[in-house]
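>>> sequence and predicted structure are below.
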Amino acid sequence: NVIRREPNEIRGGKKWPWIIVCVLFGILGPLVYFVFGRKDRSDDDDDDYNASH
């Protein structure tokens, strides 16, 4: 998930620290990213959603 997101969709704006956390900490790293690193997306941020509604 962190690799596919744009930098503006990640807290801090940088992917590489979160990728390192995810790799180094196996299961715990991705959980930490989902709780602390990922910004919530609203439906109006999704171009595919907007095109279909």
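Thanks, I have the structure now.

>>> pull the CA atoms of the longest helix anywhere in the chain into PDB?
What stands out as the longest helix in the chain, according to DSSP state H, is helix 16-24. What follows is helix 16-24, C-alpha atoms only, in PDB (Å, rounded to 0.1, in the frame of the first residue of the first chain):
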ATOM      1  CA  TRP A  16      11.100   5.700   2.100                       C
ATOM      2  CA  PRO A  17      10.900   5.900   6.000                       C
ATOM      3  CA  TRP A  18       7.600   4.000   5.900                       C
ATOM      4  CA  ILE A  19       9.000   1.400   3.500                       C
ATOM      5  CA  ILE A  20      12.000   0.800   5.800                       C
ATOM      6  CA  VAL A  21       9.700   0.400   8.800                       C
ATOM      7  CA  CYS A  22       7.500  -2.000   6.900                       C
ATOM      8  CA  VAL A  23      10.400  -4.100   5.800                       C
ATOM      9  CA  LEU A  24      12.400  -4.100   9.100                       C
END
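
>>> all helices for the protein, in order.
16-24, 28-32, 47-52.

>>> on that earlier part again, so for the longest helix of the chain, mean pLDDT?
Mean pLDDT, taken over the full extent of helix 16-24, equals 85.

>>> just the buried residues of that helix, please?
Under the neighbour-count criterion of 16 or more other Cβ atoms under 10 Å, helix 16-24 has 18, 21-22 buried. Just so you know, the C-beta spots here come from the backbone N, C-alpha and C atoms, and that holds for glycine as well.

>>> just to revisit the earlier point, next, format the helices of the chain as CSV and append distance to residue 6.
Converted to CSV, the helices of the chain look like this (distance: least, Cβ to Cβ, whole Å):
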stretch, distance to residue 6
helix 16-24, 13
helix 28-32, 18
helix 47-52, 12
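
>>> out of those helices, nearest to residue 10?
Residue 10 lies closest to helix 16-24 among the helices of the chain, at 6.4 Å (Cβ to Cβ).

>>> and the closest one, how far from the chain's centre?
12 Å (Cα atoms, centre = their mean, to the nearest Å).

>>> also stretch 28-39?
Using Cα atoms, centre = their mean, the distance between the centre of stretch 28-39 and that of its chain works out at 8 Å.
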